[in-house]
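>>> Any chance you can model this:
(one chain, ligands or ions: 2)
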Amino acid sequence: AAAEGDGRNWKPVAEDVRREFLWAWRQYVEHALGADHIKPISGGREDFFVPGHSVGLSAVEAVDTLWLMEADEEVGQAVDWITGNLDFDIDAPFQVFETNIRMVGGLAAAYHCTGDRRLLELAVDVADRLMPAFTESPTGLPYRYVNLATGAVSRPDTNIVEVGTYVAEFGVLSEWTGDRRYFDVAKEAMRVVHDKRTPLGLLPHDIDAETGRWRNRIATVGPPGDSYYEYLWDGYALFGDEEMRQWYDTLTDAILAHQAEEHDGHLWFPQVDAHTGAVADRGQSVLASFYAGLLGESGRVEQGRAYHDGWNAAQDRFGVLPSTLDYRTMSAPDPSNALRPEFADSALALWLATGDEIFRERAHTHFRNMVASSKTRHGFASLTDVTAKPPAQEDTCPGYWWSEQMKYYWLLFSGTPRADYRELYLSTEANLLRGARRS
Ligand SMILES: O=C1NC[C@H](CO)[C@@H](O)[C@@H]1O
Ligand SMILES: [Ca+2]
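Ligands and ions are numbered 1, 2, ... in the order given. I've put the predicted structure just below:
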């Protein structure tokens, strides 16, 4: 029903998506296999986590997307590189949050799709190397960095995203291995944050992992607040955890009561003072547009639709959304866009929640405009200025491009038999952790 639906035949668009993705994959294999990033203009290689220590990030992020596209030869290329080369015994500090959502999540999704236990073993290996960030912390809030070889932790000056975005990846590891430690440390960190909400029920976004004290007063649904809220809901959606749903509902009711603002018939979420509710600034990060989908998934469909409507007005205006939008003037304080996927993320979530074709049409525009502005000699490039004619490109392609928007488009337009659309669960990095249908 997904591709036939009640709208147009989307199969030709699905084939376009698959053709572009496999072209980009072949460029990566030819020029940058094993690098974290390909440099899409020059065809060069680029490290993401630690200079000099690429861990094949783009290959890890691409596996489940390739698998959903039934590109099994390319899946084999990625899995062969990973199982033949990936070694996390690296004497350098890795960012715990990014390593989790990209490497733990990417390897877990690759295992979920292929059933290759070597990939689960790698996911467990790197998760075990991240664990000291939690177990060394006096508050249960993880440090931001851990040395993957020595376990040395650093940087307690953290935020609710980097302490609270683990339960999806750590939770499936607990489910698949029987070891509850992963789920327990991930959930405990979220409890600590929830229990520190202000009397208005709002959360500032910066916190100290050693003292447990807030480091700022401002609340945001954008970074670095966004995926904390997302993973509270996911703790319920993936594992049926009623307590996390309660925490989610308490905080979401407060956000809708104190952080939502109507403007021009659309809904927006300015940053506000978490103690007074006073509006602090109306700059909307494009990353915050994921929140339209989260509201849609979690029973707040009308608010989710209203927020997506606002972002769609911005997409109509700019073609490719700017990194920061001022919704009152519809101006772009930051006109760059690093191939951000969130508008497509929430289009998929709202289409799944409503079946409304409008969300597939919006995602189609997002795809077309992304190809028109970012495609270059050896892949797809981030943009430094979406308002330039033509948009100005940067010689880099982020790892999440291989996992996120191309997978969202494929799921929206293909009706692939490799996904059980009723069971589908995608992490904040779009890693498929439930709903792979292995024939
Ligand atoms: O949650 C995330 N935040 C930032 C990236 C996409 O913009 C990506 O890593 C992920 O979607
Ligand atoms: Ca995300």
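
>>> Tell me the spacing between Gly115 and Glu357.
With the distance defined as Cβ to Cβ, to the nearest Å, Gly115 ends up 35 Å from Glu357. C-beta here means a position set from N, CA and C on the backbone, and glycine is covered the same way.

>>> And these two? Which one has more around it.
Between Gly115 and Glu357, counted using other Cβ atoms under 10 Å, the more crowded position is Glu357 (14 against 11).

>>> Which pLDDT value goes with that one?
pLDDT, the model's per-residue confidence, is 97 for Glu357.

>>> Next SSE downstream of the longest helix anywhere in the chain?
Secondary structure of the chain read by DSSP state H shows that its longest helix is helix 11-32. Past helix 11-32, further along toward the C-terminus, the next helix or strand under DSSP states H and E is strand 37-39.

>>> Let me see the mean pLDDT of that next one.
pLDDT averaged over strand 37-39 equals 98, rounded to a whole number.

>>> Can you tell me what sits against that strand?
With Cβ atoms under 8 Å, 6 or more residues apart in numbering as the contact definition, strand 37-39 has outside contacts at 27-28, 31-32, 44-48, 57-58, 378-379, 395-399.

>>> which among these end up buried?
Burial by neighbour count, judged by 16 or more other Cβ atoms under 10 Å, picks out 27-28, 31-32, 45-46, 48, 57-58, 378-379, 395-399 from those.

>>> Could you tell me which of the residues you listed belong to strands?
Counting by DSSP state E, the buried ones among the contacts of strand 37-39 place Arg45, Glu46, Gly379 in strands.

>>> Can you report how many residues lie near the nearest residue to the second one once chain neighbours are set aside?
Spelled out, it's Glu46. Of all residues not flanking Glu46 in the chain, His37 sits nearest, at 4.0 Å (Cβ to Cβ, 6 or more residues apart in numbering). Neighbouring residues of His37 were enumerated by other Cβ under 10 Å; the total is 24.

>>> again, but for Trp81
The number of residues packed near Trp81 is 16, by other Cβ under 10 Å.

>>> What of Val79?
Counted with other Cβ under 10 Å, residues neighbouring Val79 total 22.

>>> my guess is it contacts Asp64, does it?
No - distance between Val79 and Asp64: 11.2 Å, which falls outside the contact criterion (Cβ atoms under 8 Å).

>>> any shared contact partners between those two?
Common neighbours of Val79 and Asp64 (criterion: Cβ under 8 Å, 6+ apart): Ala110.

>>> Check the closest residue to Gly225 other than its chain neighbours and give its pLDDT.
Closest residue to Gly225 in three dimensions, ignoring its sequence neighbours and counting by Cβ to Cβ, 6+ apart: His205, at 4.6 Å. Model confidence at His205, given as pLDDT, is 98.

>>> quick one: which helix or strand includes Ala109?
When elements are assigned from DSSP H and E, Ala109 belongs to helix 105-114.

>>> Actually, Leu321.
Under the assignment here (DSSP H and E), Leu321 is part of no helix and no strand.

>>> Then Glu262?
Element membership of Glu262 [criterion: DSSP H and E] is strand 261-263.

>>> what about that strand, average pLDDT?
Throughout strand 261-263, pLDDT has a mean value of 96.

>>> mind listing what that strand pairs with, with the direction of each?
The partner list of strand 261-263 in its sheet, established with DSSP bridges, is strand 266-268 (antiparallel).

>>> picking up where we left off before, buried stuff in the strand holding Glu262?
By neighbour count, with 16+ other Cβ under 10 Å as the criterion, strand 261-263 contains no buried position.

>>> Check stretch 88-97 too.
Of all the residues in stretch 88-97, those buried under the rule 16+ other Cβ under 10 Å are Phe88, Ile90, Pro93, Phe94, Gln95, Val96, Phe97.

>>> thought Cys93 was touching Tyr145?
No Cys there; residue 93 is Pro. Yes - because the distance of 4.0 Å satisfies Cβ under 8 Å, Pro93 is recorded as touching Tyr145.

>>> Between the two, which contacts overlap?
Contact criterion Cβ under 8 Å, 6+ apart; residues shared by Pro93 and Tyr145: Ser154.

>>> Show me what residue of the stretch 1-150 of the chain gets nearest to ligand 1.
Ile101 (6.0 Å; Cβ to the nearest ligand atom).

>>> Could you find the closest non-adjacent residue to that residue?
Using Cβ to Cβ, 6+ apart and skipping residues adjacent in sequence, the residue nearest Ile101 is Glu429, 4.3 Å away.

>>> wait, that neighbour sits on Trp401?
No - look at Glu429 against Trp401 with Cβ under 8 Å: they stay out of range, at 11.0 Å.

>>> Near ligand 1, which residues of the protein? Just list them.
Proximity of the chain to ligand 1, by Cβ under 6 Å from any ligand atom, involves residues Ile101, Ser227, Leu287, Arg340, Pro341, Tyr400, Glu404, Thr428, Glu429.
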